[in-house]
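K.L.:
What follows is a predicted structure for the sequence shown.
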Amino acid sequence: MGTAERKDDHIKICLGEDVGFRTKTAGFEGFDFIHCALPELSIDEIDTSCELFGRRLGIPLIISAMTGGTEEGGRINRDLAWAAAETGAGFMLGSQRAMVENPRTAATFAVDRGAGLLVFGNLGVMQAAELGCDGVDALADAAGASAFCLHLNAAMEMLQPEGTRSFKGAAAAIARLCSGCATPIVVKETGCGISRSVGIALREAGALHVDVAGAGGTSFTRIERIRSGDFAPGPFDEWGIPTADSLAMTADLGFRTLIASGGLRSGLDAAKAIAMGADAAGFAMPVLKAWAQGGREGAAAFIRRTAGELRSAMLLTGSRDLAALSEAPLRRVSPHRRGGEDA
């Protein structure tokens, strides 16, 4: 099966099947802010703006990578990019592998970049290694991207019937691309998280920007099994490091940019991620579902609601801006398992 057909399968399965983690969560419910009963703030004073990759965002939220390469994927990308521009969020394209294999799909990755929209390009690290710096920069330029994600998806590939089976040389490729590309490189997982040891290896390879993309949201290992016709629970459905744990493992490693995605569902989750060291928070499945129910306006409404929840959390912690929120105290309150199970 080709990349384009696989992308259509992913969209249909995400919208039609239960593909979430069933016991493991992203882990943010295991942390509580210390409530500030005297915030001495008005909600109108709160500043949620930030700068990422030379772009000023009104909110530290990113619509995370989902799709592209097909007519439906192109429509989703255009609508979600519009929603990001309307709300002041950033926007990540899905994997541009289809574009590499068939340049005629380039239009499905073309989005309106008005109002200074921050766009991230995207390609798997093994495919990017084959392209080299010139090829990666060309993909970024074609998409009007200010940054480019190299995604790590070993678990997903292992469950794909047509998936890659060798990941040798990935670290060396990351080092070459981080040092040689004109476009800033973001190393991004795809729902299984980045451990401390991998975070250290990425820093040693010269990576400055990371999206931990942890476990607890969408299980791409389950999606790939469903694609193969297997709907029963599988041993790798719950594989991965919860996003909050991955963030805790990597927050002190000196990355210039740290994005938390994977299983975040609210502005409160985003606020906790920022307090734990993230610069921005990414959302994928909730935005896709909001789009499916209400089109681009529905997606924008979800982002606005999430931004409102973030502002509320900032007021209730006495945080006037994101720098203050990053210092807001958190306490550990429970293990991160659904149904109260032990961690």
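P.N.:
Happy to help now that I have it. Everything numeric here is computed off the predicted structure, so don't read it as measured data.

K.L.:
contacts, neighbours, all on C-alpha from now
P.N.:
Fine.

K.L.:
any low-confidence regions in the stretch 101-250 of the chain?
P.N.:
Along the stretch 101-250 of the chain, the parts satisfying pLDDT under 70 run over 115.

K.L.:
All the strands of it, in order from the start?
P.N.:
119-124, 147-152, 185-189, 209-211 (DSSP state E, counting those that start in this stretch).

K.L.:
can you point me to the longest helix in this protein?
P.N.:
Of all the segments of type helix in the chain, defined by DSSP state H, the longest one is helix 285-316.

K.L.:
ok, back up a step: got a markdown table for the strands of the stretch 101-250 of the chain, with distance to G282 and mean neighbour count too?
P.N.:
Shown next, in a markdown table, are the strands of the stretch 101-250 of the chain (distance: least, C-alpha to C-alpha, whole Å; neighbours: other C-alpha atoms under 10 Å):
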| stretch | distance to G282 | mean neighbour count |
| --- | --- | --- |
| strand 119-124 | 12 | 26 |
| strand 147-152 | 13 | 26 |
| strand 185-189 | 11 | 26 |
| strand 209-211 | 9 | 26 |
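
K.L.:
so which of those gets nearest L330?
P.N.:
With distances scored as C-alpha to C-alpha, the stretch of the strands of the stretch 101-250 of the chain nearest to L330 is strand 209-211 (21.5 Å).

K.L.:
Which other helices and strands does the longest helix of the chain contact?
P.N.:
Here helix 285-316 touches helix 3-16, strand 61-63, helix 71-87, helix 267-275, going by 3 or more C-alpha pairs under 8 Å, 6 or more residues apart in numbering; DSSP states H and E.

K.L.:
what's near enough to touch A328?
P.N.:
33-34, 275, 317, 319 (C-alpha atoms under 8 Å, 6 or more residues apart in numbering).

K.L.:
so what's it scoring on pLDDT?
P.N.:
On pLDDT, A328 comes in at 98.

K.L.:
on that earlier part again, closest one of the contacts of A328 to A182?
P.N.:
Of the contacts of A328, the one sitting nearest to A182 (C-alpha to C-alpha) turns out to be A275, at 30.8 Å.

K.L.:
quick one: L123 from V187, how far?
P.N.:
Separation of L123 from V187 (C-alpha to C-alpha, to the nearest Å) stands at 10 Å.

K.L.:
Overlap in contacts, these two.
P.N.:
Common neighbours of L123 and V187 (C-alpha under 8 Å, 6+ apart) are 149-151.

K.L.:
Same list, these, but as CSV with distance to C181 please.
P.N.:
Converted to CSV, the shared contacts of L123 and V187 look like this (distance: C-alpha to C-alpha, whole Å):
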residue, distance to C181
C149, 12
L150, 12
H151, 16
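
K.L.:
No further queries at this time; thank you.
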